[in-house]
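1. I would like to see how this sequence folds:
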Amino acid sequence: MSESESSTSVVREVYTPSALTRFVRDLLEDTLPLIWVEGEISNLSRPASGHLYFTLKDTGAQVRCAMFKPRSTWLRFKPVDGMRVLARTRVSLYEARGEFQLIVESLEEAGEGALQRAFEQLKARLAAEGLFDAADKRPLPTLPRRIGVITSPTGAAIRDVLSVLARRFPMVDVEILPVPVQGKDAPAAIVAMLAAASKAARHDVLLLTRGGGSLEDLWAFNDEAVARAIRATSIPVVAAIGHEIDFSIAEFAADLRAPTPSAAAELLVPEATELSRNVARHRQRIEQLVRRALESRVQHLDHLMARLGTQRPQARLARADERLLNVRQRLVHRIEGALDRRTSRLMQARTRLLGQHPTAQLARISDRVSATRERLRVNMERQLDRRVLRLGQLARTLNAVSPLATLDRGYAILFERESGRVVRSVDQAREAGTLRARVADGEMDVVVDPR
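-> Have a look, this model is predicted:
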């Protein structure tokens with residue numbers, strides 16, 4: 001068979017551009033899982049759709065990236081060109097252009113963002129172990145005699161600490177325990193110095209400190225070994241790392257956190273002038289207490305001396321004479337009182353006896369009879385007056401209704417002579433003929449004219 005015949009017998013698999021890009025895309029997406037990619041943003045664009053398109057690059061290569069809505073709206077920072085980021089991506093292929101690209105699922109700032117995540121994870125794990133429990137914190141000495149400062153001997157932090165300590169309490173001894181406070185060798189050096197200071201037991205308190213810086217600069221104090229070494233020391237540890245807004249794992253593990261190195265120095269020692277004032281106040285208070293105690297003892301001694309003086313024979317005889325005089329006076333008063341009471345009772349009895357004598361009784365009876373007679377006379381006169389008054393009232397009333405009073409006013413009473421009946425009508429007078437008339441001063445006969 002010729003060469004031309006063999007070549008025509010082979011079946012060729014031919015791809016179109018669309019099929020090839022689809023095949024490569026499926027191959028990439030099925031083979032590679034979600035991966036983290038760190039790089040610098042460039043060519044960032046944000047169209048009206050809300051998606052993000054940019055390039056991640058380093059010094060040797062670059063790759064196109066796409067972050068679709070709504071994930072692009074969930075970002076907690078604003079991406080800009082030149083920013084170094086850490087992207088969680090899915091490897092894919094943009095078929096329209098046949099370009100390799102990354103589909104970004106999440107995006108965070110690199111460097112400090114990664115360190116911050118590691119910081120939070122370590123903090124949560126050590127807190128769960130109880131390494132930061134407040135109940136395990138050791139109290140600081142009220143007045144330390146020697147302080148060990150674990151820090152860089154050339155940094156600004158040690159100058160601030162020494163300045164504050166010299167100003168507030170120059171009598172305290174300060175030892176600088178030099179360690180690197182930055183770099184990969186710093187954690188091991190800090191751990192070794194903490195262990196050496198704990199073993200030497202020369203210091204009353206340790207100060208672990210350094211000045212401010214970025215999160216990477218302070219990372220030596222976010223080391224797990226440093227935190228465990230702080231808790232393992234036999235000496236209380238104060239930590240002041242960076243500025244007031246900076247927090248480190250070492251500060252959470254320490255017995256006390258100070259916002260700055262200067263503030264830590266102020267917390268470690270009292271102010272000398274204030275301490276002097278306190279000493280003066282305590283001295284004055286002690287002097288007052290001693291003076292009061294001496295005055296009380298002197299007064300008690302005087303009381304004892306007075307009691308001792310009262311125990312002498314002359315004093316006892318004087319007290320006995322005084323008691324005898326008091327008894328004599330009380331006895332005289334009682335006898336006089338008894339005589340007075342008996343005399344009073346005798347006079348009362350004599351008065352009652354005289355009141356029971358017959359002559360006195362007759363006199364009292366005669367007085368009662370006279371009083372009764374007088375009351376009877378007065379009552380009789382009152383009764384007689386009332387009866388006379390009543391009789392006059394009745395006479396006036398009878399006179400007012402008497403027929404005789406009517407006759408005095410010129411009237412007359414006619415009555416029949418034989419029967420004596422009062423004539424009350426003209427007809428009765430005609431029938432009678434002759435009538436008898438009574439006037440005020442007597443009676444007379446009258447004849448009736450029948451007309």
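2. return the set of buried residues in stretch 141-152.
-> 141, 144, 147, 148, 149, 150, 151, 152 (16 or more other Cβ atoms under 10 Å). For glycine as for every other residue, the C-beta is placed from the backbone atoms N, C-alpha and C.
3. the last one reaches residue 158, doesn't it?
-> Yes - because the distance of 6.8 Å satisfies Cβ atoms under 8 Å, residue 152 is recorded as touching residue 158.
4. mind putting the buried residues of stretch 141-152 into a markdown table with pLDDT?
-> As requested, the buried residues of stretch 141-152 are arranged in a markdown table below (pLDDT from 0 to 100):
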| residue | pLDDT |
| --- | --- |
| 141 | 92 |
| 144 | 92 |
| 147 | 95 |
| 148 | 95 |
| 149 | 95 |
| 150 | 95 |
| 151 | 94 |
| 152 | 91 |
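5. restricted to helices, list those.
-> Among the buried residues of stretch 141-152, none falls in helices (DSSP state H).
6. just the residues you listed now: which is nearest residue 325?
-> residue 141 (72.9 Å; Cβ to Cβ).
7. ok but residue 338 is inside a strand, no?
-> No - per DSSP: H, G, I helix; E, B strand; the rest coil, residue 338 lies outside any strand segment and is helix.
8. what distance do you get for it to residue 331?
-> 11 Å (Cβ to Cβ, to the nearest Å).
9. likewise residue 71?
-> Taking Cβ to Cβ, one finds residue 71 at 119 Å from residue 331.
10. counting neighbours, which bits of the helix or strand containing residue 118 end up buried?
-> Secondary structure from DSSP states H and E places residue 118 in helix 112-128. For helix 112-128, a neighbour-count test (16+ other Cβ under 10 Å) marks 113, 115, 119, 122, 123, 126 as buried.
11. where does the stretch 1-150 of the chain have low pLDDT?
-> Within the stretch 1-150 of the chain, the ranges that satisfy pLDDT under 70 run 1-10, 111-114.
12. tell me where it has strands.
-> Per DSSP state E, counting those that start in this stretch, the stretch 1-150 of the chain carries strands over the ranges 35-45, 52-57, 62-67, 84-94, 99-109, 146-151.
13. any idea what the residue lying closest to residue 72 once chain neighbours are set aside is bridged to?
-> Among residues not flanking residue 72 along the chain, residue 52 sits closest, at 4.6 Å (Cβ to Cβ, 6 or more residues apart in numbering). Beta-bridge partners for residue 52, by DSSP bridges, are residue 67.
14. quick check: residue 52 vs residue 29, distance?
-> According to Cβ to Cβ, residue 52 stands 20 Å off from residue 29.
15. picking up where we left off before, the helix holding residue 118 - contacts with which helices or strands?
-> Applying 3 or more Cβ pairs under 8 Å, 6 or more residues apart in numbering; DSSP states H and E, one finds that helix 112-128 contacts strand 84-94, helix 224-232, helix 249-253.
16. which residues does residue 415 bridge with?
-> residue 422, residue 436.
17. surely it and residue 424 touch.
-> No - counting by Cβ under 8 Å, residue 415 sits too far from residue 424 to count as a contact (9.7 Å).
18. and those two? Which one has more around it.
-> It is residue 415, of residue 415 and residue 424, that has more neighbours when counted by other Cβ atoms under 10 Å, with 17 against 10.
19. for residue 392, report the pLDDT, please.
-> We note a pLDDT of 85 for residue 392 in this prediction.
20. how far does the helix or strand harbouring it sit from its chain's centre?
-> Using DSSP H and E, residue 392 falls within helix 358-401. Distance of helix 358-401 from the chain centroid (Cα atoms, centre = their mean, to the nearest Å) equals 90 Å.
21. same check on stretch 97-113?
-> Averaging C-alpha positions (Cα atoms, centre = their mean) puts stretch 97-113 55 Å from its chain's average.
22. and it, which residues are buried?
-> Result for stretch 97-113 [16+ other Cβ under 10 Å]: buried residues 101, 102, 103, 104, 107, 108, 110, 113.
23. any residues touching stretch 31-39, and which ones?
-> Stretch 31-39 is touched from outside by 56-58, 62-63, 84-91, 102, 105, 110, with contacts defined as Cβ atoms under 8 Å, 6 or more residues apart in numbering.
24. emit the PyMOL select command for whichever of those are buried.
-> Only the buried members of those enter the following PyMOL selection, criterion being 16+ other Cβ under 10 Å:
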select buried, resi 56+63+85+86+87+89+91+102+110
